[in-house]
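>>> Dropping a prediction and its sequence here:
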Amino acid sequence: HPTVVSLAAVLPDLTELVRTAVGRTVEVTARVADDVLPIEVDTNELELALLNLAVNARDAMPKGGRLLV
């Protein structure tokens, strides 16, 4: 169910979830610009999309690396 959310408000929790999913060899950094407007999104789908991207990024960096969201 889509709802209007502030990306700055939901991204910290999602970032922690991503860190757990990718492991210690990948440094995860997340930033949201100050002027980003609220978005309408299904937060569960957003979580799944970010996790999928993060796991793909981790797999592309077998020796570790840096993931910036």
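Okay, I see it.
>>> okay, CA-based contacts and neighbour counts for the rest of this
Will do.
>>> which SS state does the residue of the chain most remote from its centre fall under?
Seen from the C-alpha centroid of the chain, the residue lying at the greatest distance (Cα atoms, centre = their mean) is residue 63, 20.4 Å away. Secondary structure, DSSP: H, G, I helix; E, B strand; the rest coil: residue 63 is coil.
>>> In this protein, which helix is the longest?
Ranked by residue count under DSSP state H, the longest helix found in the chain is helix 43-60.
>>> The following helix or strand past that helix pairs with which strands, parallel or anti?
Per DSSP states H and E, the first helix or strand lying C-terminal to helix 43-60 is strand 65-68. Taking DSSP bridges as the criterion, strand 65-68 forms sheet pairs with strand 26-29 (parallel).
>>> And the partner strand, what's buried?
Neighbour counts over strand 26-29 (16 or more other Cα atoms under 10 Å) mark 26, 28 as buried.
>>> Report the mean per-residue pLDDT for the helix or strand just after that strand.
Downstream of strand 26-29, the first helix or strand assigned by DSSP H and E is strand 39-41. Here strand 39-41 scores 97 as its mean pLDDT.
>>> ditto for stretch 46-62
Rounded mean pLDDT across stretch 46-62 is 96.
>>> what are the C-alpha coordinates of it, in CSV please?
Output of stretch 46-62 as CSV, limited to C-alpha atoms (Å, rounded to 0.1, in the frame of the first residue of the first chain):
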residue,chain,number,x,y,z
LEU,A,46,11.2,0.0,-1.5
GLU,A,47,12.9,-2.2,1.1
LEU,A,48,12.9,-5.2,-1.2
ALA,A,49,14.3,-3.1,-4.1
LEU,A,50,17.1,-1.7,-2.0
LEU,A,51,18.0,-5.1,-0.6
ASN,A,52,18.1,-6.6,-4.1
LEU,A,53,20.3,-3.8,-5.4
ALA,A,54,22.6,-4.1,-2.4
VAL,A,55,23.0,-7.9,-2.7
ASN,A,56,23.7,-7.5,-6.4
ALA,A,57,26.3,-4.9,-5.6
ARG,A,58,27.9,-7.1,-2.9
ASP,A,59,28.1,-10.0,-5.4
ALA,A,60,29.8,-7.7,-7.8
MET,A,61,32.5,-6.8,-5.2
PRO,A,62,33.7,-10.2,-4.0
